[in-house]
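**Q** The following block contains a protein sequence and its predicted model.
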Amino acid sequence: MAETESVRYVAAEGVATITIHRPEVLNALNAATLAALEQAVARAAAAPEVRVLLLTGAGEKAFVAGADIRELAAVTPANAVAMAQRGQRVMDAVESCGKPVIACVNGFALGGGCELALACTLRIASSTATFGQPEVKLGILPGYGGTQRLPRLVGPAEALRIILTGAMVSAEEALRIGLVNEVVPPEQLMERAHALARSILAVAPQAVTACLQAVQQGADLPLRQGLDLEAELFGRLCRTQDKTEGTTAFLEKRKPQWTGR
(Lines give C-alpha, C1' and ligand atoms only; values in the text may rest on other atoms or scores of the structure.)
Protein backbone atom coordinates (compact mmCIF):
# COMPACT_ATOMS: atom_id res chain seq x y z
CA MET A 1 0.00 0.00 0.00
CA ALA A 2 1.15 3.53 -0.77
CA GLU A 3 -0.57 6.50 0.82
CA THR A 4 -0.62 10.25 0.79
CA GLU A 5 -2.72 12.24 3.19
CA SER A 6 -5.66 12.30 0.80
CA VAL A 7 -5.22 9.46 -1.72
CA ARG A 8 -4.55 5.78 -1.07
CA TYR A 9 -3.16 3.35 -3.62
CA VAL A 10 -3.25 -0.45 -3.44
CA ALA A 11 -2.23 -2.79 -6.29
CA ALA A 12 -2.79 -6.54 -6.38
CA GLU A 13 -3.45 -9.19 -9.01
CA GLY A 14 -3.47 -6.79 -11.93
CA VAL A 15 -5.81 -4.23 -10.33
CA ALA A 16 -4.88 -0.88 -8.78
CA THR A 17 -7.43 0.58 -6.36
CA ILE A 18 -7.19 4.34 -5.88
CA THR A 19 -9.24 5.76 -3.00
CA ILE A 20 -9.89 9.46 -2.39
CA HIS A 21 -9.48 9.57 1.37
CA ARG A 22 -10.90 12.75 2.89
CA PRO A 23 -14.07 11.36 4.52
CA GLU A 24 -14.26 14.27 6.97
CA VAL A 25 -15.12 16.58 4.03
CA LEU A 26 -16.90 13.95 1.91
CA ASN A 27 -13.72 13.42 -0.15
CA ALA A 28 -13.82 16.93 -1.62
CA LEU A 29 -11.15 17.68 -4.20
CA ASN A 30 -8.72 20.34 -3.08
CA ALA A 31 -5.49 21.18 -4.90
CA ALA A 32 -3.40 18.73 -2.89
CA THR A 33 -5.87 15.90 -3.50
CA LEU A 34 -5.93 16.59 -7.24
CA ALA A 35 -2.14 16.45 -7.31
CA ALA A 36 -2.08 13.19 -5.35
CA LEU A 37 -4.75 11.69 -7.59
CA GLU A 38 -2.79 12.63 -10.70
CA GLN A 39 0.33 10.98 -9.25
CA ALA A 40 -1.58 7.80 -8.35
CA VAL A 41 -3.06 7.50 -11.83
CA ALA A 42 0.37 8.07 -13.40
CA ARG A 43 1.82 5.37 -11.16
CA ALA A 44 -0.85 2.87 -12.24
CA ALA A 45 -0.46 3.83 -15.90
CA ALA A 46 3.29 3.21 -15.73
CA ALA A 47 3.03 -0.15 -13.93
CA PRO A 48 3.03 -3.01 -16.49
CA GLU A 49 1.51 -5.40 -13.93
CA VAL A 50 -1.54 -3.12 -13.50
CA ARG A 51 -4.16 -3.60 -16.21
CA VAL A 52 -7.31 -2.15 -14.60
CA LEU A 53 -7.86 0.75 -12.20
CA LEU A 54 -10.67 1.05 -9.65
CA LEU A 55 -11.41 4.57 -8.44
CA THR A 56 -13.54 5.17 -5.35
CA GLY A 57 -14.03 7.36 -2.28
CA ALA A 58 -13.55 6.55 1.39
CA GLY A 59 -16.65 5.77 3.41
CA GLU A 60 -20.25 5.21 2.40
CA LYS A 61 -21.39 8.83 2.17
CA ALA A 62 -19.44 10.06 -0.81
CA PHE A 63 -17.43 9.14 -3.87
CA VAL A 64 -16.37 12.77 -4.19
CA ALA A 65 -18.80 15.47 -3.10
CA GLY A 66 -17.21 18.13 -5.28
CA ALA A 67 -14.47 20.71 -5.17
CA ASP A 68 -13.28 22.11 -1.86
CA ILE A 69 -15.64 25.07 -1.30
CA ARG A 70 -13.08 26.96 0.81
CA GLU A 71 -10.65 26.93 -2.08
CA LEU A 72 -13.43 27.73 -4.53
CA ALA A 73 -14.54 30.75 -2.51
CA ALA A 74 -11.02 32.15 -2.69
CA VAL A 75 -10.75 31.87 -6.48
CA THR A 76 -10.27 35.19 -8.25
CA PRO A 77 -10.77 36.07 -11.91
CA ALA A 78 -6.97 36.10 -12.21
CA ASN A 79 -6.54 32.44 -11.25
CA ALA A 80 -9.92 30.94 -12.15
CA VAL A 81 -8.93 29.79 -15.64
CA ALA A 82 -5.77 28.15 -14.32
CA MET A 83 -7.78 26.37 -11.62
CA ALA A 84 -10.22 24.96 -14.18
CA GLN A 85 -7.42 23.90 -16.50
CA ARG A 86 -5.60 22.19 -13.65
CA GLY A 87 -8.68 20.14 -12.79
CA GLN A 88 -9.25 19.36 -16.46
CA ARG A 89 -5.70 18.03 -16.79
CA VAL A 90 -6.26 15.60 -13.94
CA MET A 91 -9.54 14.38 -15.48
CA ASP A 92 -7.77 14.04 -18.83
CA ALA A 93 -5.07 11.96 -17.13
CA VAL A 94 -7.72 9.59 -15.79
CA GLU A 95 -9.46 9.31 -19.15
CA SER A 96 -6.30 8.87 -21.23
CA CYS A 97 -4.18 6.68 -18.93
CA GLY A 98 -4.36 3.84 -21.47
CA LYS A 99 -6.03 1.38 -19.10
CA PRO A 100 -9.70 0.83 -18.18
CA VAL A 101 -10.71 2.89 -15.15
CA ILE A 102 -13.84 1.80 -13.28
CA ALA A 103 -15.51 4.41 -11.08
CA CYS A 104 -17.01 2.77 -7.98
CA VAL A 105 -19.50 5.43 -6.91
CA ASN A 106 -20.55 5.18 -3.29
CA GLY A 107 -22.75 8.09 -2.23
CA PHE A 108 -22.42 11.65 -3.49
CA ALA A 109 -20.72 12.28 -6.84
CA LEU A 110 -21.33 16.00 -7.22
CA GLY A 111 -19.54 18.73 -9.11
CA GLY A 112 -15.93 17.66 -9.50
CA GLY A 113 -16.91 14.22 -8.24
CA CYS A 114 -19.39 13.74 -11.06
CA GLU A 115 -16.78 15.04 -13.49
CA LEU A 116 -14.26 12.54 -12.13
CA ALA A 117 -16.74 9.70 -12.66
CA LEU A 118 -17.40 10.96 -16.20
CA ALA A 119 -13.67 10.75 -16.97
CA CYS A 120 -13.62 7.05 -16.06
CA THR A 121 -14.09 4.31 -18.64
CA LEU A 122 -16.98 2.61 -16.81
CA ARG A 123 -19.16 3.59 -13.86
CA ILE A 124 -20.73 1.29 -11.27
CA ALA A 125 -22.99 2.98 -8.73
CA SER A 126 -24.23 1.97 -5.34
CA SER A 127 -28.01 2.19 -5.13
CA THR A 128 -27.47 5.03 -2.65
CA ALA A 129 -25.34 7.07 -5.06
CA THR A 130 -26.38 10.57 -6.11
CA PHE A 131 -24.96 12.45 -9.09
CA GLY A 132 -25.14 16.10 -10.02
CA GLN A 133 -23.51 19.24 -11.38
CA PRO A 134 -24.78 21.86 -8.92
CA GLU A 135 -22.29 24.57 -9.91
CA VAL A 136 -24.99 26.97 -11.15
CA LYS A 137 -26.21 27.19 -7.56
CA LEU A 138 -22.82 28.71 -6.70
CA GLY A 139 -22.87 31.13 -9.63
CA ILE A 140 -20.40 29.16 -11.75
CA LEU A 141 -20.43 26.28 -14.23
CA PRO A 142 -18.78 22.84 -14.20
CA GLY A 143 -15.11 23.57 -14.81
CA TYR A 144 -13.46 20.14 -14.78
CA GLY A 145 -15.02 18.85 -18.01
CA GLY A 146 -18.67 18.42 -17.03
CA THR A 147 -20.08 20.62 -19.80
CA GLN A 148 -18.17 18.56 -22.37
CA ARG A 149 -18.22 14.95 -21.14
CA LEU A 150 -21.76 14.81 -19.78
CA PRO A 151 -23.44 15.72 -23.13
CA ARG A 152 -21.25 13.19 -24.91
CA LEU A 153 -22.35 10.50 -22.48
CA VAL A 154 -26.08 11.14 -21.98
CA GLY A 155 -26.91 13.50 -24.85
CA PRO A 156 -27.26 17.31 -24.87
CA ALA A 157 -30.88 17.44 -23.66
CA GLU A 158 -30.36 15.39 -20.52
CA ALA A 159 -27.01 17.04 -19.83
CA LEU A 160 -28.46 20.52 -20.08
CA ARG A 161 -31.34 19.60 -17.79
CA ILE A 162 -28.86 18.45 -15.15
CA ILE A 163 -26.39 21.31 -15.62
CA LEU A 164 -28.90 24.17 -15.93
CA THR A 165 -30.98 23.17 -12.91
CA GLY A 166 -28.26 21.74 -10.70
CA ALA A 167 -30.63 18.83 -10.13
CA MET A 168 -29.65 15.76 -8.14
CA VAL A 169 -29.75 12.50 -10.10
CA SER A 170 -30.46 9.23 -8.29
CA ALA A 171 -28.60 6.04 -9.10
CA GLU A 172 -31.65 4.58 -10.86
CA GLU A 173 -32.13 7.72 -12.96
CA ALA A 174 -28.42 7.73 -13.77
CA LEU A 175 -28.79 4.17 -15.06
CA ARG A 176 -31.84 5.11 -17.12
CA ILE A 177 -30.12 7.98 -18.91
CA GLY A 178 -26.84 6.10 -19.43
CA LEU A 179 -24.75 7.99 -16.91
CA VAL A 180 -23.76 4.72 -15.21
CA ASN A 181 -23.35 1.16 -16.46
CA GLU A 182 -24.72 -0.67 -13.43
CA VAL A 183 -26.41 -0.10 -10.07
CA VAL A 184 -25.77 -2.54 -7.23
CA PRO A 185 -26.52 -2.70 -3.49
CA PRO A 186 -23.94 -0.75 -1.45
CA GLU A 187 -22.41 -3.86 0.09
CA GLN A 188 -21.80 -5.33 -3.37
CA LEU A 189 -20.16 -2.29 -4.98
CA MET A 190 -16.48 -3.23 -4.70
CA GLU A 191 -17.20 -6.94 -5.20
CA ARG A 192 -18.93 -6.18 -8.49
CA ALA A 193 -16.15 -3.80 -9.56
CA HIS A 194 -13.53 -6.48 -8.94
CA ALA A 195 -15.62 -9.01 -10.89
CA LEU A 196 -15.78 -6.61 -13.82
CA ALA A 197 -12.04 -6.02 -13.55
CA ARG A 198 -11.42 -9.78 -13.64
CA SER A 199 -13.48 -10.09 -16.81
CA ILE A 200 -11.19 -7.50 -18.43
CA LEU A 201 -8.09 -9.23 -17.10
CA ALA A 202 -9.28 -12.45 -18.76
CA VAL A 203 -8.95 -11.06 -22.30
CA ALA A 204 -5.94 -10.08 -24.41
CA PRO A 205 -4.11 -7.05 -22.92
CA GLN A 206 -3.13 -5.42 -26.21
CA ALA A 207 -6.65 -5.85 -27.53
CA VAL A 208 -8.04 -3.98 -24.52
CA THR A 209 -5.58 -1.13 -25.06
CA ALA A 210 -6.43 -0.95 -28.76
CA CYS A 211 -10.18 -0.92 -28.06
CA LEU A 212 -9.74 2.01 -25.68
CA GLN A 213 -7.68 3.85 -28.26
CA ALA A 214 -10.19 3.20 -31.04
CA VAL A 215 -13.17 4.42 -29.05
CA GLN A 216 -11.53 7.38 -27.32
CA GLN A 217 -9.64 8.74 -30.32
CA GLY A 218 -12.36 7.81 -32.79
CA ALA A 219 -14.94 9.86 -30.90
CA ASP A 220 -13.18 13.04 -32.03
CA LEU A 221 -12.77 11.97 -35.67
CA PRO A 222 -15.09 11.98 -38.68
CA LEU A 223 -16.53 8.51 -39.29
CA ARG A 224 -14.24 7.68 -42.23
CA GLN A 225 -11.11 8.58 -40.25
CA GLY A 226 -12.41 6.63 -37.28
CA LEU A 227 -12.88 3.58 -39.46
CA ASP A 228 -9.35 4.00 -40.82
CA LEU A 229 -8.06 4.08 -37.24
CA GLU A 230 -10.02 0.94 -36.44
CA ALA A 231 -8.57 -0.87 -39.47
CA GLU A 232 -5.03 0.22 -38.59
CA LEU A 233 -5.39 -1.08 -35.03
CA PHE A 234 -6.95 -4.31 -36.30
CA GLY A 235 -3.93 -4.85 -38.53
CA ARG A 236 -1.55 -4.09 -35.68
CA LEU A 237 -3.23 -6.64 -33.42
CA CYS A 238 -3.09 -9.28 -36.13
CA ARG A 239 0.70 -9.11 -35.91
CA THR A 240 0.75 -10.02 -32.20
CA GLN A 241 1.46 -13.36 -30.57
CA ASP A 242 -1.75 -12.97 -28.57
CA LYS A 243 -3.81 -12.94 -31.78
CA THR A 244 -2.23 -16.23 -32.81
CA GLU A 245 -2.78 -17.64 -29.33
CA GLY A 246 -6.38 -16.46 -29.17
CA THR A 247 -7.44 -17.96 -32.48
CA THR A 248 -5.48 -21.18 -31.88
CA ALA A 249 -6.98 -21.61 -28.41
CA PHE A 250 -10.48 -21.10 -29.80
CA LEU A 251 -9.96 -23.76 -32.46
CA GLU A 252 -8.42 -26.13 -29.93
CA LYS A 253 -11.28 -25.47 -27.46
CA ARG A 254 -8.97 -24.41 -24.64
CA LYS A 255 -8.39 -21.30 -22.52
CA PRO A 256 -5.89 -18.89 -24.10
CA GLN A 257 -2.66 -18.05 -22.32
CA TRP A 258 -2.05 -14.36 -22.92
CA THR A 259 1.50 -12.98 -22.89
CA GLY A 260 0.78 -9.38 -23.89
CA ARG A 261 3.07 -9.75 -26.90
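**A** Received it, and whenever you're ready, just let me know what you need.

**Q** Please name the residues that touch the nearest residue to Leu179 once chain neighbours are set aside.
**A** Using Cβ to Cβ, 6 or more residues apart in numbering and skipping the chain neighbours, the partner closest in space to Leu179 is Val154 (5.5 Å). The C-beta positions use only the backbone N, C-alpha and C, and glycine is treated the same way. Residues in contact with Val154, defined by Cβ atoms under 8 Å, 6 or more residues apart in numbering, are Ile162, Ile177, Gly178, Leu179.

**Q** Counting only strands, which of the residues you listed make the cut?
**A** Using DSSP state E, no member of the contacts of Val154 sits in strands.

**Q** Just the buried ones from these, in ChimeraX syntax?
**A** Per 16 or more other Cβ atoms under 10 Å, the buried members of the contacts of Val154 correspond to this ChimeraX selection:
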select :162,177,179
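
**Q** Format the contacts of Val154 as TSV; extra columns: pLDDT and distance to Pro142.
**A** Output for the contacts of Val154, formatted as TSV (pLDDT from 0 to 100; distance: Cβ to Cβ, whole Å):
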residue	pLDDT	distance to Pro142
Ile162	98	10
Ile177	98	17
Gly178	97	18
Leu179	98	14
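
**Q** and which of the contacts of Val154 is nearest to Val52?
**A** Nearest to Val52 out of the contacts of Val154 is Leu179 (Cβ to Cβ; 20.8 Å).

**Q** quick revisit: ok, now how distant is the residue nearest to Leu179 from Leu138?
**A** 22 Å (Cβ to Cβ, to the nearest Å).
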